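Peer 1: What shape does this take:
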Amino acid sequence: MTVMPRPSILSVEPYVGGESKVPGVNRIIKLSSNEGAFGPPPAAIEAIAAGAREAHRYPDGGAAALREAIGARFGLDPARIVCGNGSDELLAMLILAYGGEGTELIMSAHGFMMYEITGRWAGCQVIKVPEKNLTADVDGLLAAVGPRTRLMFLANPNNPTGSILAQSEVERLRRELRQDVLLVLDSAYAEYVTRPDYDPGQKLVDSTPNTVMTRTFSKIFGLGGMRLGWAYAPAAIVDILGRVRGPFNVNAAAMAAGIAALAEPGWIEKSIAHNTEWRGKMAAAAEGLGLKVWPSEGNFLLVDFGDAARAKAADAHFRARGLIVRAMGGYGLPQCLRITIGNAEECQMVIDALTDFTRG
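Peer 2: Numbers count the residues shown, from 1 in each chain. Alright, predicted model coming up:
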């Protein structure tokens, strides 16, 4: 007899990250994974290097210093923060703790792929709700809730579409959602949002017992390689996460880098200003070339080429120039490419490549 996994595992298609190499091309510009435009903050690089001397020591299992730093930076209670090996680990812990066989997980049709992958892994039935103009439909999400629903995931802003729900709609979603359904607000791109009414989830976590906010150091703080994320949750949910997480789930170098990144003067402000400027310039250039660009609140653009064949041709054109962007077929958007906002030179290279492609 052959040893077999649970049947739900076999329904999972492995996650494929953004590419980083193109055969035969010397200089590669990777704009496929929404990594920070400026790399890690200088203080974080120094902290990682300094930590090498203590690599033989186990890290602080409770991430106390990091939680204190996060709490001070964002005005949160450190006792209600849980740190993880990227926010992906925290999302998985929530799904495994509150979902599983016989339960349902609800997400929007073009939500972050890891919700579906981990949900299936856990044995949940994953329900993907159609969107309106590539934006989560609150009425549709609520209508999808059934007796077995235990989890709902909302990325706000959403990856890969870049869309965002108004704060009033997020609050309505929580208010009208059944109380025994956990709402997880994935706010990986929160720092890039400039809308004055936006709240990444803190208000709902503080005012309800059944909402969790997840965040990451992988985007604006440029620490994707360190795998560092965190969740802010009600005390009862923090207790559950403490029971299921590994005893040393965050490594010492990542924690040191996170603390240093939070303290880097002007880093967030500089990154926001750059992202806002070049996201606008790239969108205007693409639209001026006759392409549709979906509104984005993240550090990326979703460019619509009209059909899958043209998007594939554009992708090949980029790759020939050493520009790696993200094809969206896996998200059900084969006519689109997602392009990260890189540094100024990289953004100009994207504009030039788009210009040559559309006019070629």
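Peer 1: ok, so what distance separates Lys21 from Arg319?
Peer 2: 10 Å (Cβ to Cβ, to the nearest Å). Where C-beta positions appear, they are placed from N, C-alpha and C, glycine not excepted.
Peer 1: ok, the two, which is more surrounded?
Peer 2: Arg319 (18 against 9; other Cβ atoms under 10 Å).
Peer 1: Okay, strands next: where are they in this structure?
Peer 2: 29-30, 81-84, 104-108, 125-129, 149-155, 182-186, 211-216, 229-232, 292-294, 300-304, 323-324, 326-327, 336-340 (DSSP state E).
Peer 1: quick check: angle from the fourth one to strand 149-155?
Peer 2: Orientation of strand 125-129 against strand 149-155 (axes from the mean of the first three to the mean of the last three Cα atoms, to 10 degrees) gives an angle of 50 degrees.
Peer 1: residues contacting Gly51?
Peer 2: Ala252, Ala253, Ala256, Ala257 (Cβ atoms under 8 Å, 6 or more residues apart in numbering).
Peer 1: So which of those residues wins on neighbours?
Peer 2: Ranked by neighbour count (other Cβ under 10 Å), these have Ala257 at the top, with 29 neighbours.
Peer 1: returning to what we had before: just put the strands of the chain in a markdown table and tack on distance to Ala136 and mean pLDDT.
Peer 2: Converted to a markdown table, these look like this (distance: least, Cβ to Cβ, whole Å; pLDDT from 0 to 100):
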| stretch | distance to Ala136 | mean pLDDT |
| --- | --- | --- |
| strand 29-30 | 28 | 96 |
| strand 81-84 | 24 | 98 |
| strand 104-108 | 4 | 98 |
| strand 125-129 | 8 | 98 |
| strand 149-155 | 6 | 98 |
| strand 182-186 | 11 | 98 |
| strand 211-216 | 16 | 98 |
| strand 229-232 | 20 | 98 |
| strand 292-294 | 13 | 98 |
| strand 300-304 | 15 | 98 |
| strand 323-324 | 28 | 97 |
| strand 326-327 | 20 | 97 |
| strand 336-340 | 17 | 98 |
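Peer 1: wait, which of the ones you listed is closest to Lys203?
Peer 2: Shortest distance between Lys203 and the strands of the chain, using Cβ to Cβ, is found for strand 211-216: 9.2 Å.
Peer 1: Need the residues that contact that closest one.
Peer 2: 86-87, 90-91, 94, 174, 182-188, 190, 200-202, 204-205, 228-234, 237.
Peer 1: With respect to Met107, which of the contacts of Gly51 is nearest?
Peer 2: Ala257 (30.3 Å).
Peer 1: Identify the residues contacting the closest residue to that closest one other than its chain neighbours.
Peer 2: Ranked by Cβ to Cβ, 6 or more residues apart in numbering and with sequence neighbours excluded, the top spatial neighbour of Ala257 is Ala44, at 4.2 Å. Contact analysis of Ala44 by Cβ under 8 Å, 6+ apart lists Phe221, Gly222, Leu223, Ala257, Gly258, Ala260, Ala261, Glu264.
Peer 1: before we move on, back to that, who wins for proximity to Pro59 among the strands of the chain?
Peer 2: strand 81-84 (10.2 Å).
Peer 1: And the closest one, what does it pack against?
Peer 2: Judged by 3 or more Cβ pairs under 8 Å, 6 or more residues apart in numbering; DSSP states H and E, the packing partners of strand 81-84 are helix 64-74, helix 86-98, strand 229-232, helix 235-244.
Peer 1: now with 10 Å?
Peer 2: Packed against strand 81-84 by the contact rule (3 or more Cβ pairs under 10 Å, 6 or more residues apart in numbering; DSSP states H and E) you find helix 64-74, helix 86-98, strand 211-216, strand 229-232, helix 235-244, helix 252-263.
Peer 1: what's in contact with the first one?
Peer 2: So that's helix 64-74. Residues outside helix 64-74 that contact it (Cβ atoms under 10 Å, 6 or more residues apart in numbering) are 59-60, 63, 76-83, 190-191, 200, 202, 215, 217, 228, 230, 232, 250, 254-263, 268.
Peer 1: measure stretch 113-132 end to end?
Peer 2: 18 Å (Cα to Cα, to the nearest Å).
Peer 1: rewinding a little: can you redo the contacts of Gly51 as TSV with distance to Gly329 and pLDDT?
Peer 2: As requested, the contacts of Gly51 are exported to TSV (distance: Cβ to Cβ, whole Å; pLDDT from 0 to 100):
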residue	distance to Gly329	pLDDT
Ala252	39	97
Ala253	35	97
Ala256	39	98
Ala257	34	98
